[in-house]
Each structure stands twice: as C-alpha cells, then as structure tokens.
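1. Fold the stuff below for me.
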Amino acid sequence: MRKFIIVLLFFLTGNVFLYSEESIENDSEQPQSSVVPTGSQLILYNGFGAWGFSFYDGSKLNYRSLKENLALIPENEKFIRRADTWNIFSYFFIGAAFGLIAGAMYFAGDDYTRDILFSSAHCSIILFFGSEHMFNRNINKAIGNYNFSVLGAHVIYH
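-> Numbering: from 1, shown residues only. Below you'll find the model as predicted:
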C-alpha cells in the first residue's frame, strides 16, 4: 500500500515538474507574436469545461476549432498541450470515481471495503475538480494571448 501511494504521488506531481513555467523576463526582451489572426474575432468563455467557448458575435466553438484558432499564436502551444494533459487527467479521475462508486455498491455487505472505496471516490472527485480547474486556467491563458494578438498587443503569457 505504501509503494502504491508513493507511485501515485509521483505520477500526479510528475506533470508539475514536466511542464513547469519558465521565468518571465523583461517586456523589452519578450518577442512579440508575429502571427496575428486576420479576420478573426475575440473568443469568450461562457460556460464550464470545453463546451462554453464562443466568438464575440455569439457563434459557438467546439473544442477542436478552439484549439485550431488558438494554435495560430506560437506562444500558445505549451498552454494547449498543458490543457490537453489536464483534460485527460479530469476524464481519468471522473471515470475512476464512477468505478469506485460502482465497486462500493457491489461490496455493500463489507463495511470496511465500502468505506475505503467511497473515500477513494471522494478523493477522485476532488482531483477531478482540481484538474478541471487547471484545464480552464491553461486554456484561458491561451485565449488571453489570442485575444491580445487579435487586438494588436503583444502576448502576456509565455
């Protein structure tokens, strides 16, 4: 059990070390984005998860077309990659929570096992919300870079 917890912690914190942010230098040293989307509009976030994005005029964006628009800015590549990673984690955690709840219902007669499975499901649900928050944080940074580029300003997140 102790080895399992150590491996789980290593797995969860490995992403933090893999995608750690670089230090931000002075504004004079930061290169401005040379790619400005022509004829594009500002992107707004109107909901929860990957389904709440739309252009300023109200036309909806699915996640694939959102990523295609955000990829026009070279600085957004790492934010899109991070968002995809956290999105995969959120799917994993919510799937694990449902599996643990189903297992707890199957072992309804054994109180000890049921309690452990429900506790694990609660932890998995908390980790789901944390990973969904990190997904939204990274995708919103990419949207900020995109919107600043559309407005003609330099990107602020590197």
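2. got a list of what Ala142 touches?
-> Under the criterion of Cβ atoms under 8 Å, 6 or more residues apart in numbering, the neighbours of Ala142 are Leu70, Ile73, Asn76, Phe79, Ile80, Ala83, Tyr157. Backbone N, C-alpha and C define where each C-beta goes, glycine included.
3. Let me know the closest of those to Ala121.
-> Using Cβ to Cβ, Ala83 is the member of the contacts of Ala142 that sits closest to Ala121, with 25.3 Å.
4. correct me, but the closest one touches Ile143?
-> No: contact between Ala83 and Ile143 fails when scored by Cβ atoms under 8 Å: they sit 10.2 Å apart.
5. Look at these two and report which has more neighbours.
-> Between Ala83 and Ile143, Ala83 has the larger neighbour count (other Cβ atoms under 10 Å), namely 25 against 21.
6. name the element the more buried one belongs to?
-> In this assignment (DSSP states H and E), Ala83 forms part of helix 77-106.
7. That helix - contacts with which helices or strands?
-> Helix 77-106 sits against helix 2-18, helix 63-70, helix 111-151, with contacts defined as 3 or more Cβ pairs under 8 Å, 6 or more residues apart in numbering; DSSP states H and E.
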